[in-house]
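Novice: no sequence on this one, just coordinates:
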């Protein structure tokens with residue numbers, strides 16, 4: 001593993017742990033949403049839904065992903 005890969009994995013783990021803490025008491029779907037939104041904000045360095053959706057790089061259309069979020 002390169003240094004960048006280890007750092008990315010560590011950050012992803014920390015983000016997952018943090019999102020688990022702040023989303024306690026919510027259902028599984030809402031916990032997943034919180035984790036995706038936090039990751040998107042961190043990766044996009046922006047809070048706009050379209051930018052968050054682009055950073056998630058999912059197969060569904062951008063407009064559908066924005067509606068889901």
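Specialist: Yep, it's here. Everything numeric here is computed off the predicted structure, so don't read it as measured data.
Novice: any idea how many residues pack against residue 43?
Specialist: 15 (other CB atoms under 10 Å). For the C-beta atoms, the positions are set from N, CA and C on the backbone; glycine is no exception.
Novice: host element of it?
Specialist: helix 28-44 (DSSP states H and E).
Novice: and the residue lying closest to residue 47 once chain neighbours are set aside, how far is that from residue 35?
Specialist: In space, and not counting its chain neighbours, residue 47 is closest to residue 41: 5.8 Å by CB to CB, 6 or more residues apart in numbering. Separation of residue 41 from residue 35 (CB to CB, to the nearest Å) stands at 11 Å.
Novice: looking at those two, which is more packed in?
Specialist: residue 35 (18 against 15).
Novice: quick one: pLDDT of that one?
Specialist: Per-residue confidence at residue 35 stands at 89 (pLDDT).
Novice: isn't it right up against residue 16?
Specialist: Yes. Applying CB atoms under 8 Å, one finds residue 35 in contact with residue 16, separated by 6.4 Å.
Novice: name the helices or strands packed onto the helix ranked longest in the chain?
Specialist: With DSSP state H setting the assignment, residue counts place helix 3-22 as the longest helix in the chain. Judged by 3 or more CB pairs under 8 Å, 6 or more residues apart in numbering; DSSP states H and E, helix 3-22 is in contact with helix 28-44.
Novice: tell me the SS of the residue nearest to residue 40 when sequence neighbours are not counted?
Specialist: Spatially, and ignoring its direct neighbours in sequence, residue 40 is nearest to residue 52 (3.1 Å; CB to CB, 6+ apart). Using DSSP: H, G, I helix; E, B strand; the rest coil, the structure places residue 52 in helix.
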